[in-house]
Structures are given as structure tokens and as C-alpha cells.
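1. Sequence and predicted structure, then a few things I'm wondering about:
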Amino acid sequence: MSEDPASIDRYGVMGYPISHSRSPVIHRLFALQTGQRLQYELLHVAPEKLEQAVRQFQRTGGKGLNVTVPHKAAVARLCDQLSERAREAGAVNTLAFQDGDVFGDNTDGVGLIRDLETNLGIRLKGARILVLGAGGATLGITGPLLRRLPSELVIANRTLSRAEAIVERFDEALALSACAFDTVPDGEFDLVINATSAGVHGETPPYPATAVAGKTLCYDLSYGLKPTPFSEWAREAGAARSVMGWGMLVEQAAESFHLWRGVRPDTAPVLKQIAISA
Ligand code: NDP
């Protein structure tokens, strides 16, 4: 007997634009692997329709959502409860609907840290780290990176005031500072993370080449079928290694899946599968 589709738990991802998202594939692979039954939809939602779309998804029985560019800060204001890491970031990428309440979490930071430490074997303690960009993704990764006790964490952004505002949120952190792309402190960084969305628009801003040398790992939160503009730039600047954000994407999704279903998927085969099919 065929099953009533209405009885299957519904999840989805809201963004604007959203058609490029690989989240449905990742969550279907997690569901297959763990024997969970669920459906996962792509939801194209303009900023002015965000609240209406979230409420409607909840009202019609949806169980949880991922939320991506440009909604991460706005959706935090719709939540009845926030996890500690979402409150710290002021940005949410995962919603869970529980007993009529909206719970907001942020899994970006843990996703990045797992990819760097577990998948790539990077030691963050004592590392000199430069983050390019000061948007929603940087809000989510700053606290988790600081807790790894880097020797220095510099946030450089096109709009300096946004980088300064993030530093103010974490004002107890002595290792943290803000600057513009052309005033990055001298010397080589161990890790340069691109958290701008410039590459998505095919742009390569004047990233600071002096930050990169023979031992630098360059990590682009963005990912693509071909090397991203930042990956190309990093190679030309002489980075030891240049990595795109597929691993973070899968790891942050696994943390959302765990929150929703109480089961932690094995990320390694899924990462391999999407990287091959990408
Ligand atoms: P936001 O829109 O919140 O922020 C965008 C940032 O990019 C801002 O700092 C903005 O600078 C900067 N920027 C945009 N265009 C340019 C440009 N032409 N030159 C210089 N700076 C530019 O985006 P998010 O922070 O949410 O996301 C950033 C990127 O990270 C996206 O590409 C997203 O897809 C990716 N991401 C990947 C994840 C993964 O799992 N791999 C998870 C989360 C995000 P300004 O402040 O001056 O406007």
C-alpha cells in the first residue's frame, strides 16, 4: 500500500536566490543513510515575504527549516527561543518547530570547525587567522573560532563598520580586531577564510596578498563546480593549500539533521558523494 505523502515529516531551505542550493541532496543522502523518512524542499523566499513563509511552513505541519542568504539575521527575530550559539551570533541558519514554538540555532560555526579540524586536520590553537567578510556567515563562525584560542583573529571587510560591529559583539576577546582589506596587519597568516559573497557574483575584490605565503591554508566558504575566484586568487598568491567550503556545507547540515532527527549522520561518504557529483 502506498504511503500518504502528508504523513512524511517536511523540512526545507529558504533563501533568495536558492536554486543553486545542494542542501536537498545532502539531507536526502543523510535520510537514506540513517533510515529516516522525510522530505526536504527548496523554498525561494524574498526578504519581505520571510515571516509569512516561515509561519505558513510551520502552520502547515513543517518540522524544520534551514535558512540561508540573506535571511539569517532577520529570521533570528522571529524565534521564540535561541540556542546559545545563535544568540551569540545574532544569526540563525536552522529552525525547529516544537510545540508551536520556533527554536533557532546556528550550525555554521560547528560546521566550519569540524571541517577544519576533523576533515582537514588543521590546528587552530595558536593560529593566526584572517577572515575576509563580515556578514551573517562571519557572525556564525567568529565565536567558535575564538573558542579554539587562535593567537590572533582579524576580520577584514569592504565596509569597515560591519567588521567593527562584530568585534564589538565579542569585546572581551583581546585576540580579535577589525580592519579594511588594505589595512590588514603585516605578516603571513596560517589560515585565511573567505566569508564574502563576492565570488558568487564572479567578483575578486582586492584581497590582501601579503597575508598569504607558503604555509597558509586558504579556505573559501563558497564552493562551486570549478575553483571559485577566491581559490584561484589564493593559488596565485602562493597559498600552501586552497579548499572550498563543501565540507562545511555537509558538516553544518549534519548538525541541523541531528537537531531535527536526533541521529547524527556519517558525513564522510556524503561529502565524497556530493563532491563527486558536483
Ligand atoms: P552576507 O550577505 O551576510 O555577507 C556578504 C559579505 O560579503 C559582506 O561582508 C560583504 O561586504 C561581502 N561582499 C559581498 N560582495 C563583495 C565584493 N564585491 N567585494 C567585497 N566584499 C563583498 O553573506 P553570508 O555572510 O551569509 O555568506 C557569505 C558567503 O559564505 C556566501 O557566499 C555563502 O554562500 C557562504 N556560506 C557558505 C557556507 C557553507 O556551509 N559552506 C555557510 C554559510 C555561508 P559588505 O559588508 O561590504 O557588503
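-> Cool, got the structure. Remember, predicted model here, so these are calculated numbers, not experimental data.

2. So what does H20 look like in phi/psi?
-> Per-residue torsions, H20: phi -80, psi -10 (degrees, to the nearest 10).

3. cool, A268 as well?
-> Dihedral angles for A268 - degrees, to the nearest 10 - are phi -60, psi -50.

4. Would you check how far apart the closest residue to P17 other than its chain neighbours and the ligand are?
-> Leaving aside its chain neighbours, P17 sits nearest to H44 (6.9 Å; criterion: CB to CB, 6 or more residues apart in numbering). C-beta coordinates here come from the backbone N, C-alpha and C atoms, glycine included. Between H44 and the ligand the distance is 15 Å, computed by CB to the nearest ligand atom, to the nearest Å.

5. What confidence value was assigned to the residue in the chain that the ligand sits nearest to?
-> Nearest to the ligand, among the residues of the chain, is G135, at 1.9 Å (CB to the nearest ligand atom). On pLDDT, G135 comes in at 92.

6. what pLDDT does the residue most central in space within the chain get?
-> In the chain, the centroid-proximal residue (CA atoms, centre = their mean) is D108; its distance is 3.8 Å. pLDDT for D108: 98.

7. same thing with R148?
-> 96.

8. what do you get for R85?
-> At R85, pLDDT is 96.

9. Could you measure from the residue of the chain closest to the ligand over to L221?
-> According to CB to CB, to the nearest Å, G135 and L221 sit 10 Å apart.

10. Which one of those two is surrounded by more residues?
-> Higher neighbour count among G135 and L221: L221, with 25 against 19, using other CB atoms under 10 Å.

11. Kindly report the residues of the stretch 101-250 of the chain close to the ligand.
-> By the rule CB under 6 Å from any ligand atom, the part of the stretch 101-250 of the chain lying against the ligand is 108, 111, 133-138, 157-159, 162, 195-198, 200, 203, 205, 221-223, 245, 248-249.

12. Take those and, keeping just the buried ones, write it as a ChimeraX select command.
-> Selection of buried members from these for ChimeraX, criterion 16 or more other CB atoms under 10 Å:
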select :108,111,133,134,135,136,137,138,157,162,195,196,197,198,205,221,222,223,245,248,249
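
13. out of the residues of the stretch 101-250 of the chain next to the ligand, which are inside helices?
-> Among these, DSSP state H puts D108, G111, G136, A137, T138, R162, M248, L249 in helices.

14. Need the residues you listed in JSON lines (columns: distance to G100).
-> Converted to JSON lines, those look like this (distance: CB to CB, whole Å):
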{"residue": "D108", "distance to G100": "26"}
{"residue": "G111", "distance to G100": "28"}
{"residue": "G136", "distance to G100": "27"}
{"residue": "A137", "distance to G100": "30"}
{"residue": "T138", "distance to G100": "32"}
{"residue": "R162", "distance to G100": "35"}
{"residue": "M248", "distance to G100": "32"}
{"residue": "L249", "distance to G100": "31"}
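
15. Need the overlap of contacts for G135 and L221.
-> A195 (CB atoms under 8 Å, 6 or more residues apart in numbering).

16. and stretch 178-185, how far from the chain's centre?
-> Put simply, stretch 178-185 sits 23 Å off its chain's centre (CA atoms, centre = their mean, to the nearest Å).

17. How is this protein divided into domains?
-> The chain breaks down into these domains under automatic domain parsing: 5-106+251-264, 109-247.

18. Any buried residues in the helix or strand bottoming out on mean pLDDT in the chain, and which?
-> One helix or strand of the chain scores below all others by mean pLDDT, DSSP states H and E: helix 267-277, with a mean of 86. The neighbour-count check on helix 267-277 (16+ other CB under 10 Å) flags T267, V270, L271, I274 as buried.

19. Show the residue spans covered by the strands in the protein.
-> All strands of the chain, identified by DSSP state E, fall at 9-15, 38-44, 64-67, 81-82, 94-98, 101-105, 128-132, 152-156, 176-179, 191-194, 217-220, 241-244.
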